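1. here is the input, now give the coordinates:
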Amino acid sequence: MPPTDLQLSTFLTTGLAAASVWNIGRETLASHPQPRLYGRADLGVRAVQTQKLKALRDDNPDRHVSIVGWPSYSNGKDLLKIIAQELARSSRLTLLDMPISK
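-> All right, here's what the predicted structure looks like:
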């Protein structure tokens, strides 16, 4: 589900080695009060576009992408949930055996 500002924060990981992708996760969570990284979901931009959403790269920080174009929460959470479920169905989930923390 997207946050209330309807800008889901993601990162472009195409072409990166697995270790580099995990490093992005660690760096992103470094300022979080209780950082825990349990896994990741890899999702292609085509799946995003199929849901009538857009992936906007802003490189703030490097390789950052916001998924935007979500319907508003005022239209009901049901549609948001359906879109999120479709994205989840299109993704590949990789879980860690042991969560990464500080």
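2. please count neighbours and contacts with C-alpha atoms only from this point.
-> Fine.
3. contacts for the helix ranked longest in the chain next, please.
-> With DSSP state H setting the assignment, residue counts place helix 77-90 as the longest helix in the chain. With CA atoms under 8 Å, 6 or more residues apart in numbering as the test, helix 77-90 has contacts from 1-2, 41, 43-44, 47-48, 51, 70-71, 73.
4. mind listing the helices for this protein?
-> Using DSSP H, helices in the chain cover 18-29, 45-50, 77-90.
5. which residues sit against the second one?
-> Helix 45-50 is touched from outside by 54-55, 67, 87, 90, with contacts defined as CA under 8 Å, 6+ apart.
6. determine the longest strand present in this protein.
-> strand 92-101 (DSSP state E).
7. mind listing what residue 39 touches?
-> Contacts of residue 39 by CA under 8 Å, 6+ apart are 93-96, 99.
8. closest one of the residues you listed to residue 35?
-> Using CA to CA, residue 99 is the member of the contacts of residue 39 that lies nearest residue 35, at 9.6 Å.
9. so that closest one makes contact with residue 37?
-> Yes. Using CA atoms under 8 Å as the test, residue 99 is close enough to residue 37 to be in contact (5.4 Å).
10. the more surrounded of those two?
-> The residue with more neighbours, out of residue 99 and residue 37, is residue 37; 18 against 11, by other CA atoms under 10 Å.
11. how far away is that one from residue 28?
-> 10 Å (CA to CA, to the nearest Å).
12. contact partners for the closest residue to residue 39 other than its chain neighbours?
-> In space, and not counting its chain neighbours, residue 39 is closest to residue 95: 4.0 Å by CA to CA, 6 or more residues apart in numbering. Residues in contact with residue 95 (CA under 8 Å, 6+ apart) are 38-40.
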